[in-house]
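J.: how would this look folded up:
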Amino acid sequence: MKIVFISPYFLPVRGGVENHIYQLGRQLVSRGEEVLIVTGNRDHQGKKLSVSAQEVMAGLTIIRLPVVAGSARIFPGGWVLGLTKQLRKINPEVVHFHNDAYSFWGLLIARLAKKNKFNLFFTPHFHQLKIIGPRSLLRYFSNLLLARRAKAVFFVSSFEEKLFFNKFSRVKDLKNKALVIGNGLADIFFQPINRLPDGEKKLLFVGGERKGKNIPELLEIFQQVSLTNQKSKLVLVGRGTKQQKYLQLAKKLKIASRVEFKGEVSDEVLLTYYDQAYLFLTASRQESFGLAVIEALARGLPVIAYDYGPFPEIIKDTVNGRLVTKQQDFIAAILDLLNNPDLHQKYSEQAIVSIRDYNWINIVEKVWPVYNKYL
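T.: As a prediction, the model looks like this:
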């Protein structure tokens with residue numbers, strides 16, 4: 001089977017969508033399928049990548065099309081003709097588009113699917129990203145047309161499926177097309193845990209920088225925790241976490257000496273941060289899944305999060321972490337686990353047990369039969 005994944009971004013650009021495509025593709029290749037990934041040649045900030053126009057990565061053939069300066073999500077460029085040409089040349093049995101918020105790519109894929117009658121599959125990676133103006137319309141019509149033209153629509157969580165249905169419930173047969181497949185962990189996160197205590201109890205956040213991640217609120221929460229617990233530190237890892245505005249806020253809150261801003265790191269380095277940490281925290285209210293949450297659980301970290309969106313599908317309150325509704329409850333939950341090592345150990349053991357099924361073999365077992373159905 002010849003399968004083409006299409007996404008505005010792909011590795012070395014890092015993020016949940018890019019990881020999802022890479023891991024799903026690798027598993028399909030291991031089953032003997034031919035997988036090609038057609039993507040853009042810029043990162044999320046619009047910077048041109050220093051990579052080849054075509055390369056092979058872990059058995060995946062990567063084809064990067066030229067995108068005009070700016071965001072690959074929004075602006076058309078040489079890729080319009082390039083994408084049409086590549087699909088005609090490849091002649092795939094399956095085209096699986098991964099939409100990322102709003103994109104001319106989606107509109108073009110929907111049009112090509114109708115014209116060329118290829119088997120289109122669609123994963124929206126849809127969340128409550130607030131977009132206004134023309135971009136909001138672009139996002140709406142892109143998702144609407146893709147849902148109509150797709151043979152099946154895959155969701156990474158039941159929460160994402162619900163959000164999407166609320167917007168596009170009028171799409172014919174959408175219920176029959178929909179399938180929640182979940183998300184998985186890279187093999188590295190199933191390695192034996194190498195706990196590296198250093199005398200400090202580190203509270204870890206991992207994620208990219210955007211408004212819905214609520215990093216300022218997390219700093220405010222830690223300020224309150226630090227007033228009671230003098231041996232804790234907050235560690236922020238991910239794209240954009242080293243921005244000056246966060247450093248300045250930490251200084252304003254008088255916690256700068258107890259907050260570490262690490263920025264974006266490789267999976268190997270990220271693994272050491274998980275293994276050095278005591279708890280994982282997220283104040284995010286903008287997720288379709290929450291990949292970092294299952295990574296943390298896999299490394300035996302209890303997770304504290306707001307009772308929002310996809311988190312209740314992963315975090316079981318008072319079993320492998322805490323789900324809270326108010327900031328004061330968030331602070332209290334952190335202090336409770338900092339001061340109660342037996343409770344922490346109980347949650348830690350359950351954290352590891354709770355994510356055993358989050359592997360890519362299970363996900364491919366859901367996806368592949370759906371592809372095969374339409375061949």
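
J.: tell me how many other residues surround Ser52.
T.: A total of 11 residues lie near Ser52 under the criterion other CB atoms under 10 Å. In short, each C-beta sits where N, CA and C put it, glycine included.

J.: got a list of what it touches?
T.: Listed by CB atoms under 8 Å, 6 or more residues apart in numbering, the contact set of Ser52 reads Arg64.

J.: help me confirm that it is found in a helix?
T.: No: checked against DSSP: H, G, I helix; E, B strand; the rest coil, Ser52 lies outside a helix; its state is coil.

J.: backbone dihedrals for it, both of them.
T.: phi -70, psi 160 (degrees, to the nearest 10).

J.: please apply the same query to Asn119.
T.: According to degrees, to the nearest 10, Asn119 has phi -80, psi 100.

J.: got it, and Ile63?
T.: phi -120, psi 120.

J.: for Ala305, same thing?
T.: The phi/psi pair for Ala305 (degrees, to the nearest 10) reads phi -150, psi 170.

J.: quick one: the helices in the protein?
T.: Using DSSP state H, the helices of the chain run over 16-30, 79-90, 104-116, 134-149, 158-168, 174-177, 215-228, 244-252, 267-276, 291-298, 311-314, 327-338, 341-354, 360-373.

J.: tell me the buried residues in the third one?
T.: With burial defined by 16 or more other CB atoms under 10 Å, the residues of helix 104-116 counted as buried are Phe104, Trp105, Gly106, Leu107, Leu108, Ile109, Ala110, Leu112, Ala113.

J.: make a markdown table from those residues and add distance to Ala332 and pLDDT to it.
T.: Listed next are these as a markdown table, based on distance: CB to CB, whole Å; pLDDT from 0 to 100:
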| residue | distance to Ala332 | pLDDT |
| --- | --- | --- |
| Phe104 | 47 | 79 |
| Trp105 | 45 | 83 |
| Gly106 | 43 | 86 |
| Leu107 | 48 | 87 |
| Leu108 | 50 | 87 |
| Ile109 | 47 | 90 |
| Ala110 | 48 | 90 |
| Leu112 | 53 | 89 |
| Ala113 | 51 | 89 |
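
J.: what is the nearest of the residues you listed to His96?
T.: Ile109 (9.9 Å; CB to CB).

J.: with adjacent residues omitted, what lies nearest to the closest one?
T.: Phe97 (4.8 Å; CB to CB, 6 or more residues apart in numbering).

J.: ditto for Ala147
T.: Val171 (4.6 Å).

J.: pretty sure that neighbour is touching Leu146, no?
T.: No: in this structure, Val171 is not within contact of Leu146 by CB atoms under 8 Å, at 9.7 Å.

J.: neighbour count winner among the two?
T.: Leu146 (26 against 20).

J.: pull the number of nearby residues for the closest residue to that one other than its chain neighbours.
T.: Distances taken as CB to CB, 6+ apart place Phe122 nearest to Leu146, at 4.7 Å, with adjacent residues excluded. Neighbours of Phe122 under the rule other CB under 10 Å: 27.

J.: so what pLDDT did Phe122 get?
T.: Note on Phe122: pLDDT of 95.

J.: what stretches of this protein score poorly on pLDDT?
T.: 69-79, 100-102, 127-134, 196-198, 241 (pLDDT under 70).

J.: what residue spans form the domains of it?
T.: 2-184+359-373, 188-354 (automatic domain parsing).

J.: re the thing from before, name whatever forms a beta bridge with the residue nearest to Leu146.
T.: Phe97, Val153 (DSSP bridges).

J.: from Glu349, how far off is it?
T.: 38 Å (CB to CB, to the nearest Å).

J.: got it, and Val206?
T.: 21 Å.

J.: neighbour count: the two, which is higher?
T.: Val206 (23 against 13).

J.: who touches the more buried one in this structure?
T.: Counted by CB under 8 Å, 6+ apart, Val206 has contacts Val237, Gly238, Leu270, Tyr273, Tyr274, Phe280, Ala292, Glu295, Ala296.

J.: who does the first one bridge with?
T.: Pointing back at Val237 there. Beta-bridge partners, per DSSP bridges, of Val237: Val206, Gly263.

J.: give me the neighbour count for it.
T.: That count, for Val237 with other CB under 10 Å as the rule, works out to 22.

J.: is it true that it touches Lys262?
T.: Yes: using CB under 8 Å, Val237 is in contact with Lys262, at 4.5 Å.
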